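Asker: Could you work out the structure for the sequence below:
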Amino acid sequence: MNIIKLKKSLSSTVFSHEELAIILQAQVSNVNAKISYMVKQGILMRLKKGLYTFGFEYQDNSMDTILVANLLYTPSYVSFDYALSYYGLIPERVYEVTSATLHSKKLFETPIGRFSYRPIPIEVYALGVDWLYDDQHGGRFIATPEKALCDKIRGDRGIGRLKQTQIREYLVHDLRIEWEALLELDVTLIEEIAKAYKSYNIKSLSGVIKRSEYA
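Answerer: Reported below is the predicted structural model:
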């Protein structure tokens with residue numbers, strides 16, 4: 001099977017060993033040997049055991065790191081610093097793809113980058129998560145701007161307990177988020193997340209935004 005035909009047979013740019021095996025088994029006698037050969041030749045790239053994408057020379061478009069992050073460790077959704085950078089809320093470009101998960105902390109070093117995962121409570125997991133879809137990559141999960149910020153604040157244990165004036169300083173000076181961008185966030189969603197997280201700091205976030213809105 002040639003590369004073009006193989007690409008057309010796959011439903012996504014990231015695929016499992018099982019998906020490859022189903023496609024290849026009709027044409028080769030030893031599927032595992034064929035896959036290992038394709039990896040050695042650079043046709044396929046192994047992201048982790050049992051998960052692949054095409055090698056850099058065989059990719060038609062840039063890799064969707066959000067899709068990769070979702071598939072490397074499930075269930076998970078992209079959040080924290082990477083999502084904040086994705087939405088343009090923080091000025092820095094973030095190279096490590098950060099995600100929230102229901103499982104334990106995890107880190108993957110792959111040929112296309114570093115992917116890290118932090119556990120969050122099940123009570124808050126499904127709140128504020130968007131589903132992105134296109135024909136090329138399929139569906140991917142990423143936090144909304146509100147959820148990404150709440151996850152970041154909740155996960156930053158070093159900041160302690162912050163009042164409204166302190167949370168504003170943290171957002172503007174530490175995270176370097178433009179205040180005007182914060183005023184565009186959905187305060188109702190932030191309040192819902194604060195309640196689920198039982199987080200004083202996220203409650204302070206919603207309070208300071210509401211005060212500014214009605215000032």
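Asker: Would you mind naming the residues that bridge with Val78?
Answerer: Beta bridges link Val78 to Ser99, Ile142 when assigned by DSSP bridges.
Asker: What does the pLDDT read for it?
Answerer: Looking at Val78, its pLDDT is 98.
Asker: you'd agree it is up against Val68?
Answerer: No: shown here, Val78 and Val68 do not form a contact pair, counting by CB atoms under 8 Å, at 9.8 Å. C-beta coordinates here come from the backbone N, C-alpha and C atoms, glycine included.
Asker: Asp134 versus the one residue sitting closest to the centre of the chain, what's the distance?
Answerer: When CA atoms, centre = their mean is applied to the chain, the residue found nearest the centroid is Val78 (1.8 Å). From Val78 across to Asp134, the span is 16 Å (CB to CB, to the nearest Å).
Asker: any residues touching stretch 112-122, and which ones?
Answerer: Outside of stretch 112-122, the residues within contact range by CB atoms under 8 Å, 6 or more residues apart in numbering are 45, 47, 53, 63, 65, 68-69, 72-73, 76, 80, 95-108, 151, 154-155, 196-197.
Asker: ok, 6 Å please
Answerer: Residues from elsewhere that reach stretch 112-122 (CB atoms under 6 Å, 6 or more residues apart in numbering): 63, 69, 72-73, 76, 96-102, 104, 106-108, 155.
Asker: Filter the residues you listed down to just the buried residues.
Answerer: With burial judged by 16 or more other CB atoms under 10 Å, the buried subset of those is Met63, Ala69, Leu72, Tyr73, Ser76, Val97, Thr98, Ser99, Ala100, Thr101, Phe108.
Asker: Assumed Arg154 was part of a strand.
Answerer: No: the assignment for Arg154 is helix, going by DSSP: H, G, I helix; E, B strand; the rest coil, so no strand is present there.
Asker: buried stuff in the lowest-mean-pLDDT helix or strand in the chain?
Answerer: Across the helices and strands of the chain, mean pLDDT, DSSP states H and E gives its lowest value to helix 3-9, namely a mean of 89. Residues of helix 3-9 classed as buried: Leu6 (neighbour count, 16+ other CB under 10 Å).
Asker: again, but for stretch 30-41
Answerer: Within stretch 30-41, the residues that qualify as buried by neighbour count (16+ other CB under 10 Å) are Val31, Lys34, Ile35, Met38.
Asker: which residues does the first one contact?
Answerer: When you say that, I think you mean Val31. Val31 makes contact with Ala21, Leu24, Gln25 under the criterion CB under 6 Å, 6+ apart.
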